[in-house]
Structures are given as C-alpha cells and as structure tokens.
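In: Provided below for reference: sequence and predicted model.
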Amino acid sequence: MIRVAAYQCEIPLILTKEDQLNHVQRLIDTIRGRFGRDQADLIVLPELSTLSYNRETFNRLPMLAEEANGKIFQQFSTLAKELAVTIAYGTAIVEDGVFTIAQVIVGTTGERIGVYHKMHVAQFESSYEKEYFGKGRKPFVFQVNDIRVGVMICYDMRFPQFAEHYALNEDVDLILHPVAFFRDETFPSWHHFVITRALENQVYWMSVNQAGPFFGQSIFSYPWLDRDNKAVISGDEEEITCFDVDRDVIAHYRTYYPIRDDNQFLKIW
C-alpha cells in the first residue's frame, strides 16, 4: 500500500524564466511545509505545473522549456531526496528542438526514474497544443513500493485503448492523470471519463488539475464505486489531498466483480 498526494496548485501567469523559477520554488516550499510533518510515498502535480497554460507562455517555450535534467529537475530532485518521496511534476521539455508536454518522475534518492511525453495533443476548444508541441511515442510505467503506476496526460484519457493497455498489458494498479482542464465545453465530461476508465479497468485513478476558478475539481476514483465508496472531487482552491492505494482492495474487487475473466473480447482477440 502507498499514500499518494494530489497537489492541486495555483499557477500564475509565467512569462519569464524568473517567473518560472519563483513559481517552482513556491511549489517546493509548500510541499516541504506539508510533508515535513506528514507522510506520502508519491506526490503528483498537474499537467504543465511549472508554466501557465496560455498562448503568451507557449510563445516563450524556447526560454521556458528545459532539457529533462535542467534546473527545474534539479530543484525537484533535491526536494525528493530530502523528503524521501517520489514526485511527478509537469513541465515542457525540449529534445532535438521539439517541445513536448511531459510528466517527470523523480525518485526518492533524487534520481530521474523517467519521463512520460504526452502522446495525444489536443487542438480544440481552449487547447492549441498542436501548434506548439510534438507527440510522445510510448506509454510509461513505474513502481512505488508494491504499486505499479501508469501515466497519461489530460486528452490521453479519451482513448480507451490507452487505459486498457495499462490495465491489461502492464498490470498497473494506479493511473496518474495530470491535467490542465479549463472550464470550456470539454470540462463537464471529464469526471465521467475518469470514473468510467477506473471502473472498466478496475484501477485507482488520480486526475490532478491546477487550482483556480477556471480549473479546479481534481478527482480521485477507486477501482469500484458503490453507496459507501464514492469518487472524491476537490473544490477550486489550492489544496493537497492524500489517498491510499491498496493492492488488496484491487484484488478484492477484481475477484468479487470478475469483469476481466468475463470479457469475451479478450478471448476473441
């Protein structure tokens, strides 16, 4: 079992490197203040948590994006080692002149466990990612203690094969889903997708948004929901919320509700 913390953080307008580094330092100070006294095994921040989601910022990607081992990574690396915790933060990474939306995973000794590059970039409503970002090429799975964790970012959730791959081929227990969900016409369907993906794949699901009146409402879903076990939805303000992820709970629900065993399509294909 592990304890996972969702940090629904405020993100100011970031237009300079100084803005960005000051913002990252505030995030680090907040995490240090909370987990200097509390305990977590994994801390998750939203999609692009180190820069603001808007055209003004994206037009400055050559200045704000970093290589995977850049200054921002070094800041989170120091924090992860200090607290002996795994941290997953969102940022823009540049490799060979191509920018990607990425979630960087930092281990308890400060090492970079890996990077997931967003595979499905969105270009509708309040999203204009294809104008600025390239696509990732492969899923990413890592482990925290006995829990296997798959990563996807925002728009990725709309493709059911992705979650199914993690659940069936990678045997994950938890899907991390950092997002930057603005309150446009796509916002009302977001929670429905999360709950559906969690239940149909019988996994825990943590979907972490940034805070604020135009974002907010991060959601955590269990592998099964009933009268006593409901998805947990945050408000709009900045907050850190902790949840336990337990393999015994997953095993119980997969045994009691044998959806995988009953799936005839798996036997056909």
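Out: Ah, there it is. Residues are numbered from 1 along each chain as shown.
In: Tell me where the model's unsure across the stretch 151-269 of the chain.
Out: Applying pLDDT under 70 to the stretch 151-269 of the chain flags residues 266-269.
In: those strands in it, which residues are they?
Out: Applying DSSP state E, counting those that start in this stretch to the stretch 151-269 of the chain gives strands spanning 174-178, 204-208, 219-221, 232-233, 239-245.
In: Distance to G150 for these - can I get that in JSON lines?
Out: C-beta: built from backbone N, CA, C; applies to glycine. Converted to JSON lines, those look like this (distance: least, Cβ to Cβ, whole Å):
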{"stretch": "strand 174-178", "distance to G150": "5"}
{"stretch": "strand 204-208", "distance to G150": "10"}
{"stretch": "strand 219-221", "distance to G150": "14"}
{"stretch": "strand 232-233", "distance to G150": "20"}
{"stretch": "strand 239-245", "distance to G150": "12"}
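In: Would you map the helices across the stretch 151-269 of the chain?
Out: Ranges of helices in the stretch 151-269 of the chain, per DSSP state H, counting those that start in this stretch, are 160-164, 187-201, 247-256, 259-262, 264-268.
In: Which secondary structure elements does the first one sit against?
Out: What it means is helix 160-164. helix 187-201 (3 or more Cβ pairs under 8 Å, 6 or more residues apart in numbering; DSSP states H and E).
In: how about the helix it packs on as CSV, C-alpha atoms only?
Out: Below are the C-alpha coordinates for helix 187-201, written out as CSV (Å, rounded to 0.1, in the frame of the first residue of the first chain):
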residue,chain,number,x,y,z
PHE,A,187,-14.9,20.2,-18.8
PRO,A,188,-18.3,18.6,-17.9
SER,A,189,-17.4,15.2,-19.5
TRP,A,190,-14.0,15.0,-17.7
HIS,A,191,-15.2,13.3,-14.5
HIS,A,192,-17.4,10.9,-16.4
PHE,A,193,-14.4,9.7,-18.4
VAL,A,194,-12.3,9.3,-15.2
ILE,A,195,-14.9,7.2,-13.4
THR,A,196,-15.6,5.1,-16.5
ARG,A,197,-12.0,4.4,-17.2
ALA,A,198,-11.3,3.5,-13.5
LEU,A,199,-14.3,1.1,-13.2
GLU,A,200,-14.0,-0.6,-16.6
ASN,A,201,-10.3,-1.3,-15.9
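In: now, of the helices of the stretch 151-269 of the chain, which is deepest in the fold?
Out: helix 187-201 (a mean of 18; mean count of other Cβ atoms under 10 Å).
In: okay, now G110: neighbour count?
Out: Neighbours of G110 under the rule other Cβ atoms under 10 Å: 17.
In: circling back: T109: which of the strands of the stretch 151-269 of the chain is closest?
Out: Evaluated with Cβ to Cβ, these place strand 174-178 nearest to T109, the distance being 20.2 Å.
In: Adjacent strands (with direction) for the closest one?
Out: strand 147-151 (parallel), strand 204-208 (parallel) (DSSP bridges).
In: Now render the helices of the stretch 151-269 of the chain as TSV, adding distance to P139.
Out: Converted to TSV, the helices of the stretch 151-269 of the chain look like this (distance: least, Cβ to Cβ, whole Å):
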stretch	distance to P139
helix 160-164	7
helix 187-201	14
helix 247-256	19
helix 259-262	19
helix 264-268	19
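In: what's the spacing between the residue nearest to F159 when sequence neighbours are not counted and Y89?
Out: Nearest-residue entry for F159: H120, 6.3 Å, with adjacent residues in sequence omitted and distances by Cβ to Cβ, 6 or more residues apart in numbering. Distance of H120 to Y89, computed by Cβ to Cβ, to the nearest Å: 20 Å.
In: likewise E10?
Out: 15 Å.
In: out of those two, which sits in the busier spot?
Out: Taking neighbours as other Cβ under 10 Å, E10 and Y89 compare with Y89 leading, 30 against 15.
In: burial of the nearest residue to that one once chain neighbours are set aside, as a residue count?
Out: Excluding its sequence neighbours, the residue lying closest to Y89 (Cβ to Cβ, 6+ apart) is L45, at 4.5 Å. Using other Cβ under 10 Å, L45 has 27 neighbouring residues.
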